[in-house]
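**Student:** Let me see the structure of the following:
(one chain, ligands or ions: 1)
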Amino acid sequence: MTQSGGFVLTGGTIVDGTGAPARTGDVVVRRERILSVDSPGREWMQGYRKVECFGCVIAPGFIDAHSHSDLKVLDNRTEKLLQGVTTEVVGNCGFSPYPTPDDPKVLRDFANGILNGDQNWGWSSALDYLASARKSKTATVASLVGHGSLRIKVAGNTSRGLAQSEVDAMCGLLAEAMEEGAAGLSSGLMYAPGSGASAEELIALCRVLASKGGVYATHMRSYSAGLVEAVEEQIAIAERSGCRLQISHLQAAGEEYWPLQQRAITLIEEASATGIDLAFDAYPWLAGSTVLTQVLPQAALDGGIPKLLSRLRDPFEREAIRPKIKPEAHWNGVVITAAAYDEASLVGRCIQEIADERGSDPATTVMDLLLEQDADVTIVEHSQSLENLHALMTHPLATIITDGVYTKGRSHPRLYGTFPLLFGDLVRERKWLTLEEAVHKVTGKPATAFHLHGRGRIEAGYLADITVFDPGMIRSDATYVKPDVIPSGIRAVLRDGNMLVDSGVARV
Ligand SMILES: [Zn+2]
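**Tutor:** The predicted model follows:
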């Protein structure tokens, strides 16, 4: 990390994060803040380091508004930083590493497929977690309370409906977390035990958010057959509670459901027009990334992983689960990215291929694999359309995110290349968005949505989170087969006035 009296970023094009037209100018950084944004020709102040930005864009540091790096920011991992990210909103999809229940293992079993942790993590409160996260050298961290984590703290890993006293206890803990600095609540309604929550339970929690100014980010109940109903439910929750709604990673997954996306977008637009405070986010990739247990009926996970494994061992329970294993899945497009024990023979292969090799069917193969690997298997699923992706990326209510998940084997390339892909492929090559629009969607827009005060803009007085990139060179070569490729074209990244990427190299 290079600390100095300050920097003068000179000769570049300023894209300030508001969506306003690019302009030339010098950006002067003093300690942790932007001191001035001046026109060229200003005399350098003594003791300031001059950073030549000729041909480059000077943008606010990118904000990854949907991250699963809750644990990895503490290890100072650089995958996001090398993409130009300076702030991460963690705790998404119902998974946060707090509050720990009496037996922390229950929370770890629930969340480790997404957070990729060991068996030692856990924080009792938002206060404790944020204290650890503030020590991260790579990112500023905003944290959502995971609804699944909160539910486990109060009721254990159970998908049953909760008693009023239990909902009240969750509301009390959420209020406390908000006072301690949490940014809001996230739900993961396709993951047990969050999948067991009623709309009423979520409304009660969202009323707490409304009173504290928090955001409700939701991984909805469905992104395929039930997409439209899922959007309707979440809009009703926002309307009845009065909280701000962020629909997470909007998409229509599965070819037969692609036409539903436009209806979902129209519902969001109509709600926005009536004054409901809502938006959505999306990642610029056609494949998703999750745990293999997602293809199961979530009732099979009631009680946690040990219960799941015993159900999969029971011939009668297996037969009950089998017909409910994602009947609409295209198993050629479901590719294993990590497995607990047999990585060499499984990673990179699709479920259909493994089933064929075993002389079995995909549903049986899924159950067998989960048993063999102690349910510790992650996947990417190729399921979306380019036309829909265009509609999402270019929509005025959209924020662009990584949704990056660290997995033990081969992570989805979005962990390494999302923002360089946005500026290289979508802005420069396909011309889907202007530079100004794209920068706004990953800086000013998420800063406002998640109340990240003082960040997300190149403006005097703002914190000096700055990403300098070459708009002609920026690109990601990360692929599903070889994801761990450092992107090109990111020249410098400053966070709170510290230069963390210098001439393209991480200095943390
Ligand atoms: Zn999610």
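**Student:** quick one: contacts for the residue nearest the centre of the chain?
**Tutor:** In the chain, the C-alpha closest to the average C-alpha coordinate belongs to H66, at a distance of 2.5 Å (C-alpha atoms, centre = their mean). H66 makes contact with 89, 92, 217, 248-249, 281, 283, 399, 401-403, according to C-beta atoms under 8 Å, 6 or more residues apart in numbering. In short, each C-beta sits where N, CA and C put it, glycine included.
**Student:** ok, now I235?
**Tutor:** By C-beta under 8 Å, 6+ apart, the residues touching I235 are 245, 267-268, 271, 276, 278.
**Student:** Assign it to helix, strand or coil.
**Tutor:** helix (DSSP: H, G, I helix; E, B strand; the rest coil).
**Student:** and the gap between it and the ion?
**Tutor:** Distance, I235 to the ion, by C-beta to the ion, to the nearest Å: 18 Å.
**Student:** what separates that residue from D277, distance-wise?
**Tutor:** 11 Å (C-beta to C-beta, to the nearest Å).
**Student:** residues shared between the contacts of the two?
**Tutor:** Common neighbours of I235 and D277 (C-beta under 8 Å, 6+ apart) are L245.
**Student:** quick revisit: excluding its backbone neighbours, what's nearest the residue nearest to the centre of the chain?
**Tutor:** I401 (3.7 Å; C-beta to C-beta, 6 or more residues apart in numbering).
**Student:** With T434 instead?
**Tutor:** Excluding its sequence neighbours, the residue lying closest to T434 (C-beta to C-beta, 6+ apart) is V427, at 7.3 Å.
**Student:** Check whether that neighbour really touches V439, as I assumed.
**Tutor:** No - with contact defined as C-beta atoms under 8 Å, V427 does not reach V439; the gap is 9.1 Å.
**Student:** which residues does Q352 contact?
**Tutor:** The neighbours of Q352, taking C-beta under 8 Å, 6+ apart as the test, are 331-332, 334, 362.
**Student:** which SS class is whichever residue of the stretch 251-400 of the chain sits closest to the ion?
**Tutor:** Nearest residue of the stretch 251-400 of the chain to the ion, counting by C-beta to the ion: T290, 7.4 Å away. The three-state assignment at T290 reads strand, by three-state DSSP.
**Student:** okay, the residue nearest to it when sequence neighbours are not counted: pLDDT?
**Tutor:** In space, and not counting its chain neighbours, T290 is closest to I379: 6.3 Å by C-beta to C-beta, 6+ apart. On pLDDT, I379 comes in at 93.
**Student:** Using the three-state scheme, assign I379.
**Tutor:** strand.
**Student:** Counting neighbours, what do you get for it?
**Tutor:** For I379, the count of nearby residues is 25 (other C-beta atoms under 10 Å).
**Student:** helices or strands next to the helix or strand harbouring M499 in the packing?
**Tutor:** In the assignment (DSSP states H and E), M499 maps to strand 498-502. Here strand 498-502 touches strand 490-495, going by 3 or more C-beta pairs under 8 Å, 6 or more residues apart in numbering; DSSP states H and E.
**Student:** neighbouring contacts of the strand it packs on?
**Tutor:** Applying C-beta under 8 Å, 6+ apart, the external contacts of strand 490-495 come out as 7, 9, 29, 51, 53, 56, 61, 81-84, 86, 138-140, 420, 464-470, 474, 499-504.
**Student:** Around the ion, pick out the residues from the protein.
**Tutor:** 93, 219 (C-beta under 5 Å from the ion).
**Student:** show me what contacts V231?
**Tutor:** Applying C-beta under 8 Å, 6+ apart, the residues near V231 are 220, 247, 264, 267-268.
**Student:** same deal with D38?
**Tutor:** Neighbouring residues of D38 by C-beta under 8 Å, 6+ apart: 25-26, 28.
**Student:** and if we set it to 6 Å?
**Tutor:** Contacts for D38 were tallied using C-beta atoms under 6 Å, 6 or more residues apart in numbering; they are D26.
**Student:** Where do the helices of the stretch 351-500 of the chain begin and end?
**Tutor:** Using DSSP state H, counting those that start in this stretch, the helices found in the stretch 351-500 of the chain span residues 351-358, 362-372, 386-393, 414-421, 435-441, 444-449.
**Student:** so what's the residue of the stretch 201-350 of the chain found nearest the ion closest to, chain neighbours aside?
**Tutor:** Nearest to the ion in the stretch 201-350 of the chain, going by C-beta to the ion, is H219, at a distance of 3.5 Å. Spatially, and ignoring its direct neighbours in sequence, H219 is nearest to C93 (4.1 Å; C-beta to C-beta, 6+ apart).
**Student:** so that neighbour, which of the three states?
**Tutor:** Three-state call for C93 (three-state DSSP): helix.
**Student:** Can you check the pLDDT for it?
**Tutor:** Confidence score, pLDDT, at C93: 98.
**Student:** do the same with G409
**Tutor:** G409 is assigned 83 on the pLDDT scale.
**Student:** Which residues are in contact with it?
**Tutor:** Counting by C-beta under 6 Å, 6+ apart, G409 touches 337-338, 343, 347.
**Student:** Return the distance of it relative to the ion.
**Tutor:** Taking C-beta to the ion, one finds G409 at 19 Å from the ion.
**Student:** Report how many residues lie close to the closest residue to S289 other than its chain neighbours.
**Tutor:** Closest residue to S289 apart from its sequence neighbours, by C-beta to C-beta, 6+ apart: H412 at 3.7 Å. H412 has 28 neighbours, counted by other C-beta under 10 Å.
**Student:** in the helix or strand that contains V106, what's buried?
**Tutor:** Using DSSP H and E, the element containing V106 is helix 104-115. Within helix 104-115, the residues scored as buried using 16 or more other C-beta atoms under 10 Å are 104, 106-115.
**Student:** Lowest-confidence entry in these?
**Tutor:** On pLDDT alone, G113 ranks lowest of the buried residues of helix 104-115, at 90.
**Student:** chain center to stretch 267-280: distance?
**Tutor:** Offset of stretch 267-280 from its chain centre (C-alpha atoms, centre = their mean, to the nearest Å): 21 Å.
**Student:** One more: stretch 151-160?
**Tutor:** Distance of stretch 151-160 from the chain centroid (C-alpha atoms, centre = their mean) equals 23 Å.
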